[in-house]
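Participant: Can you look at this prediction? I've put the sequence above it.
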Amino acid sequence: MTQEPEDRTEFTNLLRRKNVTSWSENVGLKRLSDQRSILVATSVIKSGEVILKGDMSDALEFHLVQETLKMGANISLSPEASVHCHFAVLLALQMIKDKSVSYWQIPDINYFKTYFPILWDEKLQASLPEEAKVWLAVQQDRLDIDWAHAKESLKANWTDVGKSSTSTWEIFLRAWLYVESRAYKDTRYDTVLSSATLQPDDRQVLFPVIDHLTLDPKGCKVHIDKGSYMFEATREYMPRQPIGLLCGNNEIDLLITCGATTQSLESPEASSNESLLNNTNPWL
């Protein structure tokens with residue numbers, strides 16, 4: 001169940017904390033039953049309308065990730081470590097360090113176990129279509145390689161690991177899947193990505209406001225300029241409808257990469273991956 005849209009003061013304060021500089025008058029804030037807040041349409045939003053604009057100074061970019069790891073934690077990952085791996089290591093460190101300040105609201109492991117097929121049991125994974133299984137195998141390979149690059153640095157920085165019920169692997173896994181589903185490709189042609197192997201699909205930017213938008217195969221496009229970014233609607237939104245960000249090129253991409261389906265986006269209270277699979281898979 002969702003509540004009525006929040007008042008404009010809370011909405012304005014939230015966006016300003018996230019370094020959003022301007023937004024559509026047709027956008028508001030709604031609080032969900034799990035205390036998360038999401039952006040929703042307060043009146044009809046047309047395709048092509050600018051939802052919001054933000055300042056890149058608070059966005060997490062690859063060069064900042066590298067600098068923070070090196071200067072703040074004395075970590076220099078292997079030149080072969082992916083951009084994705086760098087982001088995940090930094091977010092994992094922020095979860096490990098109790099006094100760390102983080103913009104990011106990374107879900108607990110149960111969320112990822114419910115929505116991400118990579119964490120489903122073998123029986124459920126076997127129910128996926130062949131194309132999805134190929135995507136899943138590639139994703140698993142990327143995760144394994146990134147963990148191999150990251151694990152020693154993370155273990156060295158978590159001296160109290162023995163006192164925690166959570167493993168270093170689980171922390172990294174949550175951070176890695178968060179980056180997998182929330183980061184965006186940098187579209188600026190002058191971006192220099194040194195000391196890392198850039199893959200064609202690497203996404204190198206995280207926006208502070210990202211946790212307040214849903215994931216959507218027909219969501220808003222992200223436009224990145226030198227000092228700012230913009231979210232543009234690619235379809236019409238009706239009043240009270242959650243605002244989504246473009247994620248995935250098709251339903252399989254959306255499920256494997258973003259851990260979501262069109263059905264789960266409309267049903268945030270979905271309680272099991274079994275029901276998610278049964279309710280959304282046209283191939284069953």
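Facilitator: Looks like it arrived, so ask away.
Participant: Strands of the stretch 101-250 of the chain, start to end?
Facilitator: Using DSSP state E, counting those that start in this stretch, the strands found in the stretch 101-250 of the chain span residues 205-206, 214-216, 221-224, 228-232, 244-246.
Participant: Which of these has the lowest mean pLDDT?
Facilitator: For the strands of the stretch 101-250 of the chain, mean pLDDT drops lowest on strand 214-216, to a mean of 82.
Participant: what comes into contact with that one?
Facilitator: Contact with strand 214-216 is made by 38, 181, 242-248, 254, 258-260, 265, as judged by CB atoms under 8 Å, 6 or more residues apart in numbering. All C-beta spots, glycine's among them, are computed from the backbone N, C-alpha and C.
Participant: quick one: the residue nearest to Trp176 when sequence neighbours are not counted and Tyr111, what's the gap?
Facilitator: Leaving aside its chain neighbours, Trp176 sits nearest to Ala88 (4.1 Å; criterion: CB to CB, 6 or more residues apart in numbering). Ala88 is 16 Å from Tyr111, where distance means CB to CB, to the nearest Å.
Participant: Neighbour count for these two, which is higher?
Facilitator: Higher neighbour count among Ala88 and Tyr111: Ala88, with 30 against 15, using other CB atoms under 10 Å.
Participant: correct me, but the more buried one touches Ala183?
Facilitator: No. Using CB atoms under 8 Å, Ala88 makes no contact with Ala183, being 9.7 Å away.
Participant: Tell me the buried residues in the longest helix along the chain?
Facilitator: Counting residues, the longest helix found in the chain (DSSP state H) is helix 130-157. Under the neighbour-count criterion of 16 or more other CB atoms under 10 Å, helix 130-157 has 132-133, 135-136, 139, 142-143, 146-147, 149-150, 153-154, 157 buried.
Participant: tell me the mean pLDDT for it?
Facilitator: Rounded mean pLDDT across helix 130-157 is 93.
Participant: quick one, what contacts Asp144?
Facilitator: Counting by CB under 8 Å, 6+ apart, Asp144 has no contacts.
Participant: before we move on, what about Ile171?
Facilitator: In this structure, Ile171 makes contact with Ala92, Met95, Ile96, Leu154, Trp158, judged by CB under 8 Å, 6+ apart.
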